[in-house]
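S.K.: Pasting the sequence and the predicted model now:
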Protein chains: 2
Amino acid sequence: MDLFLSTFENRIDKKGRLSVPAPFRAVLERRRDPLYLFKSLTEPCLEGCGPERIGQIVDAIDSMDSLSSEVATLQTMLSSAQEMKVDGEGRIMLSADFIDFAELDDMALFAGIGRSFQIWLPVRYRERETNARSRAKSDGLPSLRLGGGSRRPPDDEDGRR
Amino acid sequence: MDLFLSTFENRIDKKGRLSVPAPFRAVLERRRDPLYLFKSLTEPCLEGCGPERIGQIVDAIDSMDSLSSEVATLQTMLSSAQEMKVDGEGRIMLSADFIDFAELDDMALFAGIGRSFQIWLPVRYRERETNARSRAKSDGLPSLRLGGGSRRPPDDEDGRR
DNA sequence: TAGGAACCCATTGACGTCCATTATTTCCCA
DNA sequence: TGGGAAATAATGGACGTCAATGGGTTCCTA
């Protein structure tokens, strides 16, 4: 079972190119999967995954009431999703939209979270990590729902413009 | 599985021509499918798809009570549908009716949503996107149990009501 | 015959590909 | 066990290709 684990920090060059960490690339290549990135719906970061997750979203949309707001939300995920072309050196090119959204500048932090990974502005990620840990101490541990979607109370700063 | 993903913003030139994004064209050409556009029932945008989707709508109508008002509504999708001719450079010409309906001026935004895509006035699309995101933050994500079973009730075949 | 649409060609700018360089780690052997 | 060599990874730059766009010309039709 190959998973995306650990964190890596890589540089974004002037052209917007970013090396995907070799261990993450290995996971995708072993499965011969292309890499998809999309903008997180809830946090200022990018999400990376393989095609199966994209397929799940598409199927979910087709099976739902097409007039519901939930469908509109899922469509937003798909519309922001890009199949990333990885160059010979294992790099991807981040669109201006992606860079703006995650507020990246010259460094990007890859955080492996199992079946997918996230890309963060390093400072923001660490900030979020310490917050999460201190919240765990004060509020107690969250229930560990493996395979379930995380539903978080609307507590933290709004990334709205 | 080739899908319509990501968003592209293209210019409508003085002659009314609009380039279909190369990735979208590739999906259609791979299947040797013509491109159909029709007016969205729910939003001020155009919907684009291949013939199989049109067929699904026709079948859905055939299986419904032909006197119901829903059928009349669905029929307007079909009557607004046009098979688009794509020129040698991959461009289409939008009818005045389409342009009026989506309130387009000189730019058009293509938003891929899996098996189909939409064409929007860019500003309006972004507005809709931020709405979807703030809704996701406050209401939580639509249930998408990735890696787990989907929550969809087993008897609600088509998500319509 | 005029207007618009289909076709053809030119331009340009972005991006994908290829190659060079540097840094870091691993491994082998002295 | 330490040093050096080789492999892997990350980074930077150069260049060719293709998509997007614009303009011109021909053809059809109203």
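M.R.: Sure thing, it's come through.

S.K.: CA atoms only for stretch A:136-145 - export them in PDB, please.
M.R.: Provided in PDB are the C-alpha atoms of stretch A:136-145 (Å, rounded to 0.1, in the frame of the first residue of the first chain):
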ATOM      1  CA  ALA A 136      -6.100  19.000  20.500                       C
ATOM      2  CA  LYS A 137      -4.600  19.700  24.000                       C
ATOM      3  CA  SER A 138      -7.300  22.200  25.000                       C
ATOM      4  CA  ASP A 139     -10.400  20.600  23.400                       C
ATOM      5  CA  GLY A 140      -9.400  17.000  23.500                       C
ATOM      6  CA  LEU A 141      -8.900  14.800  20.600                       C
ATOM      7  CA  PRO A 142     -11.400  14.700  17.700                       C
ATOM      8  CA  SER A 143     -13.100  11.500  17.000                       C
ATOM      9  CA  LEU A 144     -11.100   9.600  14.500                       C
ATOM     10  CA  ARG A 145     -13.300   8.800  11.600                       C
END
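
S.K.: mean confidence for it?
M.R.: Averaging pLDDT along stretch A:136-145 gives 75.

S.K.: And the residue positioned nearest the centre of chain A, its phi and psi?
M.R.: Nearest residue to the geometric centre of chain A (CA atoms, centre = their mean): A:E47, 1.4 Å. A:E47 adopts backbone torsions of phi -110, psi 140, taken as degrees, to the nearest 10.

S.K.: what's across from it in the sheet?
M.R.: A:F38, A:Q118 (DSSP bridges).

S.K.: for A:I12, same thing?
M.R.: Here A:I12, judged by DSSP bridges, has bridge partners A:L18.

S.K.: So which bits of chain A are right by DNA strand D?
M.R.: A:8, A:10-11, A:13-15, A:18-22, A:26, A:89-91 (CB under 7 Å from any atom of the strand). From N, CA and C alone the C-beta is placed, and that goes for glycine too.

S.K.: Just the buried ones from the residues you listed, in PyMOL syntax?
M.R.: Of those, the buried ones can be selected in PyMOL as follows, counting by 16 or more other CB atoms under 10 Å in any protein chain shown:
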select buried, chain A and resi 8+10+18+19+20+21+91
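
S.K.: Could you tell me which of the residues of chain A next to DNA strand D belong to strands?
M.R.: Secondary structure from DSSP state E places A:8, A:10-11, A:18-19, A:91 of the residues of chain A next to DNA strand D in strands.

S.K.: Find the nearest non-adjacent residue to A:G48, please.
M.R.: Excluding the flanking residues, the one nearest A:G48 by CB to CB, 6 or more residues apart in numbering or on different chains is A:F117, at 4.8 Å.

S.K.: Now do the longest helix along chain A: which elements does it pack against?
M.R.: The longest helix of chain A (DSSP state H) is helix A:122-139. If you count contacts as 3 or more CB pairs under 8 Å, 6 or more residues apart in numbering or on different chains; DSSP states H and E, helix A:122-139 packs onto strand A:107-112.

S.K.: avg pLDDT for the strand it packs on?
M.R.: Regarding strand A:107-112, the rounded mean pLDDT is 94.

S.K.: Let me know the angle separating it from strand A:7-11.
M.R.: Relative orientation of strand A:107-112 versus strand A:7-11 (axes from the mean of the first three to the mean of the last three CA atoms, to 10 degrees): 160 degrees.

S.K.: which helices and strands does strand A:107-112 pack with?
M.R.: Using 3+ CB pairs under 8 Å, 6+ apart: strand A:107-112 touches strand A:7-11, helix A:22-30, strand A:117-120, helix A:122-139.

S.K.: Any idea which of these gets closest to B:D59?
M.R.: Set against B:D59 and scored by CB to CB, the helices and strands packed on strand A:107-112 come closest in helix A:22-30, at 37.7 Å.

S.K.: Show me what counts as buried in the closest one.
M.R.: Neighbour-count burial for helix A:22-30, with 16+ other CB under 10 Å as criterion, is recorded at A:24, A:27-28.

S.K.: Output the helices and strands packed on strand A:107-112 as CSV; include the columns distance to B:L109.
M.R.: Formatted as CSV, the helices and strands packed on strand A:107-112 follow (distance: least, CB to CB, whole Å):
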stretch, distance to B:L109
strand A:7-11, 31
helix A:22-30, 29
strand A:117-120, 24
helix A:122-139, 28
